[in-house]
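*Asks:* Please find the sequence and the predicted model below.
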Amino acid sequence: MVDKTNLKLALETAREFIAGKIDFKQLNDNFPDDTDDKDINELFDLIEHQPKLGGFFGVSQETYDQYNQSIDRVLERLEGRIKE
């Protein structure tokens, strides 16, 4: 059985971070840890390694958008699993 509490916490915390309501430290502090869930771990990894857009050492808009689409796909998977 999937721990839906961790799924909900990961989804809500990630959405708050993406919306700019919390900073990375708060994301890190509130995100579920010690989980063996592939989607939760993938979501945190994607957020943690999100590239900088433009500027020095930044990526192009296209690359940045593709990366964000990967984050959106994981968020959608988590949403679907919560509804199961």
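*Replies:* That came in fine, so what should we check first?
*Asks:* alpha carbons only for contacts and neighbour counts from here, please
*Replies:* Fine.
*Asks:* ok, residues contacting the helix ranked longest in the chain?
*Replies:* When every helix of the chain is counted residue by residue (DSSP state H), the longest turns out to be helix 61-83. Identification of contacts with helix 61-83 by Cα atoms under 8 Å, 6 or more residues apart in numbering yields 4, 7-8, 11, 39-40, 42-43, 46-47, 50-54.
*Asks:* Which of the residues you listed ranks first by neighbour count?
*Replies:* Neighbour counts for these, by other Cα atoms under 10 Å, peak at I40, which reaches 24 neighbours.
*Asks:* list the contacts for it?
*Replies:* I40 is in contact with 7, 10, 78, counting by Cα under 8 Å, 6+ apart.
*Asks:* Who's the closest spatial neighbour of the first one, skipping the chain neighbours?
*Replies:* Taking Cα to Cα, 6 or more residues apart in numbering as the measure, L7 lies nearest to L78, with 6.3 Å between them; neighbours along the chain are not counted.
*Asks:* Tell me the spacing between the one you found and E84.
*Replies:* 10 Å (Cα to Cα, to the nearest Å).
*Asks:* got it, and P51?
*Replies:* As judged by Cα to Cα, P51 and E84 stand 32 Å apart.
*Asks:* and if you look at A14?
*Replies:* 20 Å.
*Asks:* With neighbour numbers in mind, choose between those two.
*Replies:* A14 (24 against 7).
*Asks:* Got the phi and psi for the more buried one?
*Replies:* A14 adopts backbone torsions of phi -60, psi -40, taken as degrees, to the nearest 10.
*Asks:* Excluding chain neighbours, what is closest to it?
*Replies:* Among residues not flanking A14 along the chain, L27 sits closest, at 7.0 Å (Cα to Cα, 6+ apart).
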